[in-house]
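Got a sequence here, can you build the structure:
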Amino acid sequence: MPLAFYTIILILLSLFGSIFAPDPDPLQDFCVAVSDSVATVFVNGKICKNNNTVVVEDFYYQGLNKSGNTTNREGSAVTPVTVSQIPGLNTLGVSLARIDFAPYGVNPPHFHARASEFLLVVEGALYVGFVTSNPDNPNMKNKLFAKTLFPGDMFVFPQGLVHFQYNVANTNAIAFSGFGSQNPGITTIPSAVFSSKPVINPVILAKAFHVKKNVIDFVQSKV
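Predicted coordinates for the structure are as follows:
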């Protein structure tokens, strides 16, 4: 993969974080996160490691050059690099992900409650888009903004809006996403709606989707 693409990713990620990061500004040089498994208190974010025990590996991640496993029903794989992978991201307001797509693979409709996202295609062709929130006029429909992207193209998904990516070609595709949060979170619509634990009462979903209950039962058995 050309080095220029990685350079673009790093530049855009740094700009994105400084301009759009919703996380609180740091009050010191860094606040390397303590692993949840050893934390004695839990806060909104992560508590800081003692600066005297911080090491260079706290700011390092290796492996974004490796493809994710796309042998699943969606035909896609997301490799996240958030504060959970790089503790040094704590309080810095940025994170990253690599997304791999098999031919005609999809990253299903989802949203990130805590961050806007930019997506940069580095290989293949992706049809991407987002849907607006409910309009004030109940007679209007949510609007779709969508476009097919090619290597070097970038697209922005506003915070909290449902969006997706779909590989339109019979070849693999690769994209990188940057987020304005150390922990953007993700809610995947199909699994959240149809395979929560415990499941949402299918009668409610049948009413909401204007279908018979047996349709919901079928979908819940497949998701």
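
In the sheet, which residues pair with the nearest residue in space to E74 that is not next to it in sequence? Tell me.
Excluding the flanking residues, the one nearest E74 by C-beta to C-beta, 6 or more residues apart in numbering is V106, at 5.5 Å. C-beta coordinates here come from the backbone N, C-alpha and C atoms, glycine included. On the basis of DSSP bridges, V106 is bridged to Y166.

How about the contacts made by V106?
Taking C-beta atoms under 8 Å, 6 or more residues apart in numbering as the criterion, V106 is in contact with E74, G75, S76, F164, Q165, Y166, N167.

What is the three-state secondary structure of Q220?
Of the three states, Q220 takes helix according to DSSP: H, G, I helix; E, B strand; the rest coil.

can you pull out the helices in the chain?
3-20, 189-194, 202-209, 213-222 (DSSP state H).

State the pair within the contacts of V106 that is farthest apart.
Greatest spacing in those, by C-beta to C-beta: G75 and F164 (12.9 Å).

burial of the closest residue to S67 other than its chain neighbours, as a residue count?
Closest residue in space to S67, ignoring its immediate chain neighbours: D100 at 5.1 Å, by C-beta to C-beta, 6+ apart. By other C-beta atoms under 10 Å, 23 other residues sit near D100.

And V193, by the same measure?
Applying other C-beta under 10 Å, we find 18 residues neighbouring V193.

so where's the chain shaky on pLDDT?
Scanning the chain for pLDDT under 70 picks out 1-29, 37-44.

ok so, going back, can you add neighbour count and distance to A192 and give the contacts of V106 back as TSV?
Listed next are the contacts of V106 as TSV, based on neighbours: other C-beta atoms under 10 Å; distance: C-beta to C-beta, whole Å:
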residue	neighbour count	distance to A192
E74	15	15
G75	18	20
S76	22	17
F164	19	14
Q165	25	18
Y166	20	19
N167	26	23
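
Go through these and name the one nearest V56.
Among the contacts of V106, S76 lies closest to V56 (C-beta to C-beta), at 32.3 Å.
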